[in-house]
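Student: would you be able to build a 3D model of this:
(one chain, ligands or ions: 1)
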Amino acid sequence: MKALDGVRILDMTHVQSGPTCTQLLAWFGADVIKVERPGVGDATRGQLRDIPDADSLYFTMLNHNKRSITLNTKSEKGKEIFEGLLKACDVMVENFAPGALDRMGFSWERIQEINPRLIYASVKGFGPGPYEDCKVYENVAQCTGGSASTTGFLGGPPTVTGAQIGDSGTGLHLALGIVTALYHREKSGKGQRVLAAMQDGVLNLCRVKLRDQQRLEHGPLKEYSQFGQGIEFGEATPRAGNDSGGGQPGWIVKCKGWETDPDAYVYFITQAAVWGNICDLIGEPDWKEHPDYAKPEARLDKIPQIFDRIEEWTKTKNKFEVMEACNPLNIPCGPILSMKELAAEPSLRETGTIVEVDHPTRGKYLTVGNPIKLSDSPAEVVRSPLLGEHTDEILSEVLDMDNEDIAAAKADGAVGDEFASSKAAAE
Ligand code: COA
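Tutor: Have a look, this model is predicted:
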């Protein structure tokens, strides 16, 4: 039995933020019914395609362990079926543009009338306020949530990160909100509205930068390299390059081969507790006792210079040799791993963090499995559904519709027939 066995999710999500959330819930054992527009489906099925006519990796990697039904929730019959699904589910998740569900006729008030136990969970770009009606994608959230203004190098432009903190980050926040509301429903018997706004999610992940904003009022941020370089601080938290966000200075330094390998770098942290070990390792034993270097406070105005010296040493080793030399001395560091290296890393395959999946139209591909491991509820990654693959199954199993009802709904255009027709064509 899986942790969320018996929980049924009506998944109205598309693109990335919402699907990340429902994929997680599916991995924990929930029955996730993904509703897609007949003949069209989630737009990502066709975006960034690498294989003609096969669902894209964008779609397949975000929609594992789900069932797909195609339903036109704007037609009369489609709305009737949708109502039936709302009654049969515990949670409805959506990340449409603001107001889309209201325009379909399903406001929160109406949903509570249909099923008072239903948890109605949404991702939106912004919470209530001046921008609440705006459509939002990943990088808009990174820019409006404080990430872009604090990412990049001093003097350079604001920069977005490769980590999808706006989409996948908010999906994670929403999943926690849903599970919390489910727990609350055990006691209250009532569903509730759950909202995760992408701006809020990004800001939550950038809270140390809001910390620094307030510290700035009391003087310069001495752990920022900018301080050591004698560059004055402005009014807002600056971009800090590869500075560590914590109290232990860190930086990315070059390793052997950096001239030709763009990932021949290591993140090196000068943790105060192991300063002596660092001095010995890089060949500066005098720095252990020297008044300019011995204490963390004394080092603050020399951070860039210290990392230059560390880099002289790291450039003599490859990034894995640096890790091997530092680990026994308890010096925290991390090699910069490329996606190529991560994809090939055996330990990640063993733990199920990277999984190979087989798909009927695209063949084998790699995906990231569930990053959260439960000892009694291990996640097994099942390929994403084809468009409308489970339409008939869901209508009969969840809504008790017979073949005649299903045929009538298809004839009406309320539900799609794409899977049955593509199967028939293939046969
Ligand atoms: N049957 C009938 N109509 C359907 C449907 C279905 N099964 N599924 C979706 N639709 C309709 C919607 O009701 C909407 O119609 P409307 O505009 O008449 O109200 C329409 O399809 C398009 O939905 P929308 O959400 O506006 O898609 P979009 O492609 O224009 O915008 C986003 C995409 C991501 C910008 C937008 O959905 C959004 O801002 N979402 C919230 C924030 C978010 O999650 N962003 C991150 C995405 S990774």
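
Student: the ligand contacts on the stretch 151-300 of the chain?
Tutor: The stretch 151-300 of the chain has residues residue 167 near the ligand, with proximity defined as Cβ under 6 Å from any ligand atom. C-betas here are computed from N, CA, C, even on glycine.

Student: okay, helices next: where are they in the stretch 151-300 of the chain?
Tutor: 168-188, 198-205, 207-216, 225-228, 275-282, 296-299 (DSSP state H, counting those that start in this stretch).

Student: lowest-confidence stretch among the ones you listed?
Tutor: Within those, confidence is poorest for helix 225-228, with a mean of 92 (mean pLDDT).

Student: contacting residues around that one?
Tutor: By Cβ atoms under 8 Å, 6 or more residues apart in numbering, the surrounding residues in contact with helix 225-228 are 154, 220-221, 233, 238, 240-241, 243, 251, 300-305, 307.

Student: those residues, buried ones only, as a PyMOL selection?
Tutor: Here is the PyMOL selection string for the buried members of those, based on 16 or more other Cβ atoms under 10 Å:
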select buried, resi 221+238+240+241+243+251+300+302+303+304+307
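
Student: among the contacts of helix 225-228, which one lies nearest to residue 291?
Tutor: Top of the list for closeness to residue 291, among these and by Cβ to Cβ, is residue 302 at 12.0 Å.

Student: which SS state does the closest one fall under?
Tutor: Secondary structure assignment for residue 302 (DSSP: H, G, I helix; E, B strand; the rest coil): helix.

Student: which non-adjacent residue is nearest it?
Tutor: residue 228 (5.8 Å; Cβ to Cβ, 6 or more residues apart in numbering).

Student: if we can go back for a sec, how about the helices of the stretch 151-300 of the chain, which one is nearest residue 405?
Tutor: With Cβ to Cβ as the measure, helix 168-188 is the member of these nearest residue 405 (30.8 Å).

Student: now do that closest one: which elements does it pack against?
Tutor: helix 17-27, strand 91-94, strand 119-124, strand 193-197, helix 198-205 (3 or more Cβ pairs under 8 Å, 6 or more residues apart in numbering; DSSP states H and E).

Student: using CSV, list the CA coordinates for it.
Tutor: Extracted C-alpha coordinates of helix 168-188, given in CSV (Å, rounded to 0.1, in the frame of the first residue of the first chain):
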residue,chain,number,x,y,z
SER,A,168,8.6,23.0,-10.1
GLY,A,169,9.3,25.0,-6.9
THR,A,170,5.7,26.2,-6.7
GLY,A,171,4.4,22.7,-7.6
LEU,A,172,6.2,21.4,-4.6
HIS,A,173,4.7,24.1,-2.4
LEU,A,174,1.3,23.3,-3.7
ALA,A,175,1.7,19.5,-3.0
LEU,A,176,2.5,20.3,0.6
GLY,A,177,-0.6,22.5,0.8
ILE,A,178,-2.8,19.7,-0.6
VAL,A,179,-1.5,17.1,1.7
THR,A,180,-1.9,19.5,4.7
ALA,A,181,-5.5,20.2,3.6
LEU,A,182,-6.2,16.5,3.3
TYR,A,183,-4.9,16.0,6.9
HIS,A,184,-7.1,18.8,8.1
ARG,A,185,-10.1,17.3,6.3
GLU,A,186,-9.6,14.2,8.4
LYS,A,187,-10.6,16.3,11.4
SER,A,188,-12.9,18.9,9.9
